[in-house]
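A predicted structure for the sequence below; I have some questions about it.
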Amino acid sequence: MSTIEKPKQDLPAPAGDATSKLTVRVKELSERDRRRILRHFLALDDEDRTLRFGMRLNDELIVRYVSQLDFSRDTIFGVYDSKFKLVGVGHLAFAPRETYPDSVSATLKERIAEFGVSVSVSGRGQGVGSKLFERAAIHCRNADVDTLYMHCLTSNRVMIHIAKKAGMEIHRDYGEADAYLTLLPASPGTVFKEAVQEQVASLDYALKANTRAAVKWLSSLPGFKEG
Ligand SMILES: CC(C)(COP(=O)(O)OP(=O)(O)OC[C@H]1O[C@@H](n2cnc3c(N)ncnc32)[C@H](O)[C@@H]1OP(=O)(O)O)[C@@H](O)C(=O)NCCC(=O)NCCS
């Protein structure tokens, strides 16, 4: 029997500084981002690593995990800040529904999705986690997947809040650590929205990458000081 958590009204104040909002653009990452993904995960502390991966991964295991990321099989989303630092990473993987015993009754679709997300401490409270989550959900809908699993402890109130804010019900048929969310089917609107988001984020990425490269080149010149 599924437990469905209902949204609570009395939420504590956001963890981040709402006055310094960054423009959040979610982009699909590729091989060229692998080094920055590694840097992002290594900067997470033990508690965040436990929340993200379900266990306290040490640096060596993080290095192995990142080296094994398969960009052709899974979809990895990222958010870059204005200095071309990766502040958020969302990892979406599709798997046969038999992977989770309860999903056989939860969905009629062949595949389910698994999602993990993390945001750097410096990027929190600015909508990065929410945007990564929304993008993963829209990607699932467009891929005809209606069930999204996450490792999400009942104590992870921020993540639970993000999921509920997106209008999703959280089911816990499978213990307290794993939750699944039921998604609506795709519509022409969701397909269009994802395509536009990716296009805008790609332009933004190219601009930041070129600026970064130009600053690097300039800073190698004698007498140049970065402002
Ligand atoms: C969970 C996580 C991804 C959130 O990232 P984020 O970028 O800070 O999230 P957002 O800014 O998009 O949203 C945070 C929301 O939680 C709310 N919030 C903050 N503290 C809260 C709390 N203690 N209880 C409930 N809600 C809280 C904020 O008000 C905000 O909601 P709003 O947009 O409606 O105002 C980030 O904290 C993280 O990386 N945690 C460690 C890894 C993890 O837990 N991953 C999830 C499991 S895979």
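Yes, it's here.

where does pLDDT dip in the chain?
For the chain, the stretches flagged by pLDDT under 70 are 1-21, 103-104, 173-177, 224-227.

and the residue nearest the centre of the chain, which of the three is it?
For the chain, the residue nearest the mean C-alpha position is residue 90 (2.2 Å; C-alpha atoms, centre = their mean). Recorded secondary structure, residue 90: strand (DSSP: H, G, I helix; E, B strand; the rest coil).

now it. Nearest residue, chain neighbours left out?
Closest residue in space to residue 90, ignoring its immediate chain neighbours: residue 132 at 3.7 Å, by C-beta to C-beta, 6 or more residues apart in numbering. Every residue, glycine included, has its C-beta placed from N, CA and C.

the one you found: neighbouring residues, count only.
25 (other C-beta atoms under 10 Å).

who in the protein is up against the ligand?
The chain has residues 11-12, 14-16, 48, 51-52, 116-119, 124-130, 150-152, 156-159, 161-162, 165 near the ligand, with proximity defined as C-beta under 6 Å from any ligand atom.

what about the residue nearest to the centre of the chain, distance to residue 159?
Distance of residue 90 to residue 159, given as C-beta to C-beta, to the nearest Å: 12 Å.

find residues that contact each of these two.
Here residue 90 and residue 159 share the contacting residues residue 117, scored by C-beta atoms under 8 Å, 6 or more residues apart in numbering.

since we're on residue 101, how many residues are nearby?
Counted with other C-beta under 10 Å, residue 101 comes out at 11.

actually, residue 43.
Residue 43, neighbours per other C-beta under 10 Å, totals 15.

can you give me the helices in the protein?
Applying DSSP state H to the chain gives helices spanning 34-42, 46-53, 59-67, 103-106, 128-142, 157-165, 188-219.

hmm, back to that, so the residue nearest to residue 90 touches residue 116, yeah?
No. Residue 132 is beyond contact range of residue 116, at 10.0 Å (criterion: C-beta atoms under 8 Å).

looking at the helices of the chain, which one is packed in the most?
helix 128-142 (a mean of 23; mean count of other C-beta atoms under 10 Å).

ok, the residue in the chain that the ligand sits nearest to - contacts?
Closest contact between the chain and the ligand, by C-beta to the nearest ligand atom, is at residue 129 (2.5 Å). Counting by C-beta under 8 Å, 6+ apart, residue 129 touches 88, 117, 119, 158, 159, 162.

find the nearest non-adjacent residue to it, please.
Nearest to residue 129 is residue 119, by C-beta to C-beta, 6+ apart, at 4.9 Å.

and what of residue 118?
The nearest residue in space to residue 118 (C-beta to C-beta, 6+ apart) is residue 52, at 4.6 Å.

hmm, back to that, hey, what's in contact with both of residue 132 and residue 116?
Overlap of the contact sets of residue 132 and residue 116 (by C-beta under 8 Å, 6+ apart) consists of residue 90.

about what we covered before: test my guess that the residue nearest to residue 118 contacts residue 46.
No. Taking contacts as C-beta under 8 Å, residue 52 lies outside contact range of residue 46: 10.8 Å.

burial count for residue 144?
Residue 144: 11 surrounding residues under other C-beta under 10 Å.
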